[in-house]
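Q: Here is a sequence together with a model predicted from it:
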Amino acid sequence: MLKVRERIDAQSAELVERIERGDRDAEAELVARYARSVRLILLKRTGDPAVASDLCQDTFMVLIRKLRAGELRDANKLASFINQVAVNLSIMHFRKERRFVHSPDGIIGLNTPHTDRTGKQVDYVTACSQLNSALRELAIPRDREILRRFYLSDDDKDVICLDLGLTAAHFDRVLYRAKQRMRVLIERHEELKALLFGGLLDD
Amino acid sequence: MIDTQVMSGRVDRYVRGELDDSEIEAFEAALLESCELQDALEIALGLQRIVKLERTPAAAKVIKLPSKAAPEVATERLRRQWPLAASLAAAAVVATLLWRSETENAFLNSRVTALEQPVQSVLTVPLDVMRSFGSDTPDVRIRKPAGPALLILDIEVSAPMAGAPALGLELHKEQGDQILQLSSVPDADGRIQLALRTDQLPDGIVTLRISESASGPADTRFIELLPAGR
């Protein structure tokens, strides 16, 4: 474990050093190495693939500028630095969103530009068909109820088990099976992944 | 190698928002270096998203790919703050006089004079960074107030330009005719304020171009100006 950590630190240090020297290939490597994880973090924080995509672009633009300027003192802390930039941008995004609330004292409000989107619509019939097909493959209806309560309603595992008469082991098996099927669905259906994540996690 | 069950539990807690701040920080730092964690998180987020979509009423279950709408800015009651706004605008314009040629200075002088004329209202509109999809989908739609008014655009500069020592601003009519050209310095928050008299602005789409140099890449914003009244 320590050797893995040391190897990662050495790679990070080398990458940072090359970026400071103006190596454009190193900047591309930085993006290739960390973009997916940054997108996931921003997707979790914003809940909106389009916003996450915008913020991800901003994160790397800010990051590269800071790295070129030598603002990262300890190259071993590259991952934390990247995370800090991404998180700060997401916080700024939410601060902006609050400014757009219309207030009664006459300050001009603006609907939040990132949530009030009208997008290019995937064909409705195709989208519904793919989604329904994926849901049927994912889990039986009763198991989907477990997933809904766990991932959407944030119900505790114990409460769900009590309400539905399940053992903890049964609950764990449902979750494990669903995740395995989700993995297969995402790997097999590129379009489903695009539908779920708005193209954010497409390579 | 992270223990699979422990990892799965941690991912679920992260997705459900059950980690405290220090745990989140540690998790996200680990995520950045671990493909396994990224895979697990992608699956958990996908599960969350798919069950969320299942709950969506059928009529609303249309998957939207990223784009943007142009929300209309309502102009209701506006505060009378033209002396402050005019001073701000005049100060900004005067500061840029130092950077411009003789011809441009004459134009700016006339702008300062126009800005100091009394106005009935001041409309401040934030104009934040968005992905622009062209003039067919303006970044913002603004209804001009009735009567002489000052429009202050509170512009967020895109991240790459926020650290620039000076930026060029150009405002053009839809047909390309230039309305305004000056330079400005972003403040500490990466924002620029631009003050304009609404009675000197055309109705329809105007284009605001922000760049570090005339020939360099530009950040373009599309603003639709609607006539007062409706």
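A: Alright, I've got the coordinates. Keep in mind it's a predicted model, so treat the numbers as computed, not measured. Numbers count the residues shown, from 1 in each chain, chains lettered A, B, ... in the order given.

Q: Show me where chain A dips below the pLDDT cut-off.
A: Along chain A, the parts satisfying pLDDT under 70 run over A:1-2, A:4, A:95-128, A:199, A:202-203.

Q: Show me the helices in it, by range?
A: Applying DSSP state H to chain A gives helices spanning A:2-20, A:24-46, A:49-68, A:78-99, A:124-138, A:141-151, A:157-164, A:168-188, A:190-197.

Q: go on, chain B?
A: Taking DSSP H as the criterion, chain B carries its helices at B:4-15, B:21-33, B:35-55, B:82-97, B:102-115.

Q: hey, least reliable of those helices by pLDDT?
A: Mean pLDDT values for the helices of chain B show the minimum at helix B:82-97, a mean of 45.

Q: Tell me how chain A divides into domains.
A: A:2-99, A:124-197 (automatic domain parsing).

Q: Out of the ones you listed, which gets nearest to B:Ile24?
A: Smallest distance to B:Ile24 across the domains of chain A (C-beta to C-beta): 8.9 Å, for domain A:2-99. (C-beta placed from N, C-alpha, C; glycine too.)

Q: how much space is there between A:Ala86 and chain B?
A: Look at A:Ala86 and chain B: by C-beta to the nearest C-beta, to the nearest Å, they are 8 Å apart.

Q: so that residue sits right up against A:Leu55, yeah?
A: Yes - in this structure, A:Ala86 sits in contact with A:Leu55. The criterion is C-beta atoms under 8 Å, and the distance is 7.0 Å.

Q: Tell me who's in contact with the spatially most central residue of chain A.
A: The C-alpha lying nearest the average C-alpha coordinate of chain A belongs to A:Leu40 (C-alpha atoms, centre = their mean; 2.1 Å). A:Leu40 sits next to A:Leu201, B:Leu31, B:Gln38, B:Leu41, B:Glu42, B:Leu45 when contact means C-beta atoms under 8 Å, 6 or more residues apart in numbering or on different chains.

Q: need the contact list for the third one.
A: B:Gln38 makes contact with A:Arg36, A:Ser37, A:Leu40, B:Leu31, according to C-beta under 8 Å, 6+ apart.

Q: mind running it again at 6 Å?
A: The neighbourhood of B:Gln38, defined by C-beta atoms under 6 Å, 6 or more residues apart in numbering or on different chains, consists of A:Arg36, A:Ser37.

Q: I'd like to know how far it sits from A:Leu15.
A: B:Gln38 is 18 Å from A:Leu15, where distance means C-beta to C-beta, to the nearest Å.

Q: which of the helices of chain A is buried the deepest?
A: Mean neighbour counts were taken over the helices of chain A using mean count of other C-beta atoms under 10 Å in any protein chain shown, and the top value, a mean of 21, falls to helix A:49-68.

Q: Show me the domain layout of chain B.
A: In the recorded assignment (automatic domain parsing), chain B comprises B:4-60, B:72-226.

Q: closest one to B:Gly176 among the domains of chain A?
A: Between the domains of chain A, domain A:2-99 lies closest to B:Gly176; by C-beta to C-beta that is 28.3 Å.

Q: Can you get me the centre-to-centre distance for that closest one and its chain?
A: Computed by C-alpha atoms, centre = their mean, to the nearest Å, the separation of domain A:2-99 from the middle of its chain amounts to 14 Å.

Q: so which of the contacts of A:Leu40 comes closest to B:Arg141?
A: Sorting the contacts of A:Leu40 by how near they are to B:Arg141, with C-beta to C-beta, puts A:Leu201 at the top with 32.3 Å.

Q: Quick one: neighbours of the closest one, just the number.
A: Other residues near A:Leu201 come to 22 when the count uses other C-beta atoms under 10 Å in any protein chain shown.

Q: Could you check how far it is from A:Val31?
A: Per C-beta to C-beta, A:Leu201 is found 15 Å from A:Val31.

Q: Ok, B:Glu28 next?
A: 18 Å.

Q: likewise B:Met161?
A: Relative to A:Val31, B:Met161 is positioned 19 Å away (criterion: C-beta to C-beta).

Q: separation between A:Thr59 and chain B?
A: Taken as C-beta to the nearest C-beta, the spacing of A:Thr59 relative to chain B amounts to 9 Å.

Q: which non-adjacent residue is nearest that residue?
A: Spatially, and ignoring its direct neighbours in sequence, A:Thr59 is nearest to A:Ala86 (4.5 Å; C-beta to C-beta, 6 or more residues apart in numbering or on different chains).

Q: Run through the residues that contact the one you found.
A: The neighbourhood of A:Ala86, defined by C-beta under 6 Å, 6+ apart, consists of A:Val38, A:Ile41, A:Leu42, A:Thr59.

Q: what two of those residues are the furthest from one another?
A: The largest separation in the contacts of A:Ala86, counting by C-beta to C-beta, is between A:Ile41 and A:Thr59 at 9.2 Å.

Q: Can you tell me the closest non-neighbouring residue to A:Leu196?
A: Using C-beta to C-beta, 6+ apart and skipping the chain neighbours, the partner closest in space to A:Leu196 is B:Arg49 (4.7 Å).

Q: rewinding a little: can you lay out the contacts of A:Leu40 as CSV showing distance to A:Arg183?
A: Formatted as CSV, the contacts of A:Leu40 follow (distance: C-beta to C-beta, whole Å):
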residue, distance to A:Arg183
A:Leu201, 13
B:Leu31, 17
B:Gln38, 12
B:Leu41, 12
B:Glu42, 9
B:Leu45, 12
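
Q: And these, which is closest to B:Arg209?
A: A:Leu201 (32.9 Å).

Q: Would you tell me which of the helices of chain A gets closest to B:Val185?
A: Between B:Val185 and these, the shortest gap by C-beta to C-beta is with helix A:49-68, which sits at 17.4 Å.

Q: hmm, who's touching the closest one?
A: A:19, A:27, A:31, A:38-39, A:42-43, A:46, A:85-86, A:89-90, A:114, A:197-198, A:200, B:66, B:159-160.

Q: Between helix B:35-55 and that helix, find me the angle.
A: Orientation check (axes from the mean of the first three to the mean of the last three C-alpha atoms, to 10 degrees): helix A:49-68 against helix B:35-55 gives 150 degrees.

Q: Okay, angle between helix A:49-68 and helix A:78-99 too, please.
A: Orientation note: helix A:49-68 sits at an angle of 130 degrees relative to helix A:78-99 (the same axes, to 10 degrees).
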